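> sequence-free structure coming up:
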């Protein structure tokens, strides 16, 4: 399994922090892409607290592992929590 750590910028205070997404990532069933399996790890965390300003933000996106053991693509991003008015 690949590391699911990613640098994100808090949408409230612009603080850059490394977030370990493995606690709230869900592995999707692998599918074959010719050089072996590809695994998508879907990330959905609606209330991640910033380590600087402590306001919550939303983390969403995916990590793709292909071939196994190699990070192929990452679309994980941070945005203001739905329903939160900064």
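Thanks, I have the structure now. Just so you know, these numbers come straight off a predicted model, no measurement behind them.
> Show the pLDDT at the residue of the chain positioned farthest from its centre.
Farthest-out residue of the chain from its mean C-alpha position, per C-alpha atoms, centre = their mean: residue 34, at 25.7 Å. Residue 34 carries a pLDDT score of 86 in this model.
> How many residues are close by the residue nearest to residue 27 when sequence neighbours are not counted?
Leaving out its chain neighbours, the residue that sits closest to residue 27 by C-beta to C-beta, 6 or more residues apart in numbering is residue 41, at 5.4 Å. For glycine as for every other residue, the C-beta is placed from the backbone atoms N, C-alpha and C. Residues near residue 41, counting by other C-beta atoms under 10 Å, number 21.
> Return the residues in contact with residue 41.
Residue 41 sits next to 2, 4, 21, 25, 26, 27, 28, 62, 63, 64, 65 when contact means C-beta atoms under 8 Å, 6 or more residues apart in numbering.
> is it true that the second one touches residue 18?
No - using C-beta atoms under 8 Å, residue 4 and residue 18 do not qualify as a contacting pair, with a distance of 11.0 Å.
> quick one: common contacting residues for the two?
The contact lists of residue 4 and residue 18 share no entry, where a contact means C-beta under 8 Å, 6+ apart.
> Look at these two and report which has more neighbours.
residue 4 (20 against 9).
> how about the strands in this protein?
5-9, 16-20, 25-27, 31-32, 37-49, 56-65, 71-74, 77-80 (DSSP state E).
> The fifth one: which residues count as buried?
Counting neighbours by 16 or more other C-beta atoms under 10 Å, one finds that the buried residues in strand 37-49 are 38, 39, 40, 41, 43, 45, 48.
> Right, I'll leave it there.
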